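Novice: sequence and computational prediction follow.
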Amino acid sequence: MLFLVRMDVNIPLDMPQAMAEAIKAKERDYSQALQRKGRWRHLWRVVGEYSNYSVFDVADNDELHTVLSGLPLFPYMDIKVTPLAQHPSAVEQSSNGNGAVADSHDDPGIHMQTVPMEGK
Ligand SMILES: O=C(O)C[C@H]1C=CC(=O)O1
């Protein structure tokens, strides 16, 4: 299942800088391990904000909750989750035949394609 996740990071201003840097380093390692496993498909910075939009590819809500609550920055984040379903007008998007967006849990050889935004 694919989920769009927005994370807004709010590190307390009074947190010692060394502590903040240590948490951010752990966060980077944690996120890069999930990206290499294909669970964290996209990670984009929101321009001008300490926020990101991410796309996760996980088995279900419970796995997403486990992944998100394990983020080292989790105690300092506001997180908004949007479940994604296949759009009927999308082209070049893989489907597993039952209407669900194909993901690495269905077939490790199938990957979602980027959809050209013609005419938006
Ligand atoms: O910087 C962020 O947006 C928060 C978080 C997400 C990945 C990572 O390395 O840090």
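Specialist: Everything's here; your move.

Novice: next to the ligand, which bits of the chain? Give me the list.
Specialist: Contacts of the chain with the ligand, taken as Cβ under 6 Å from any ligand atom, map to 7, 9, 27-28, 31, 43, 52, 73. In short, each C-beta sits where N, CA and C put it, glycine included.

Novice: and the buried ones among the residues you listed, selectable in ChimeraX?
Specialist: Paste this into ChimeraX to select the buried members of the residues of the chain next to the ligand, with burial taken from 16 or more other Cβ atoms under 10 Å:
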select :7,9,27,31,43,52,73
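
Novice: okay, and which of the residues of the chain next to the ligand map to helices?
Specialist: Under the assignment DSSP state H, those contribute 27-28, 31 to helices.

Novice: which strand residues bridge F3?
Specialist: F56, P83 (DSSP bridges).

Novice: and stretch 68-87, which residues are buried?
Specialist: 68, 71-73, 76-77, 86.

Novice: just give me the closest of those to the ligand.
Specialist: Nearest to the ligand among those is L73, at 5.5 Å by Cβ to the nearest ligand atom.

Novice: any idea how far the closest one lies from M15?
Specialist: 11 Å (Cβ to Cβ, to the nearest Å).

Novice: likewise for K80?
Specialist: 23 Å.

Novice: just the helices in the protein please.
Specialist: 17-36, 61-69.

Novice: how about those in CSV, adding mean pLDDT?
Specialist: Shown next, in CSV, are the helices of the chain (pLDDT from 0 to 100):
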stretch, mean pLDDT
helix 17-36, 98
helix 61-69, 98
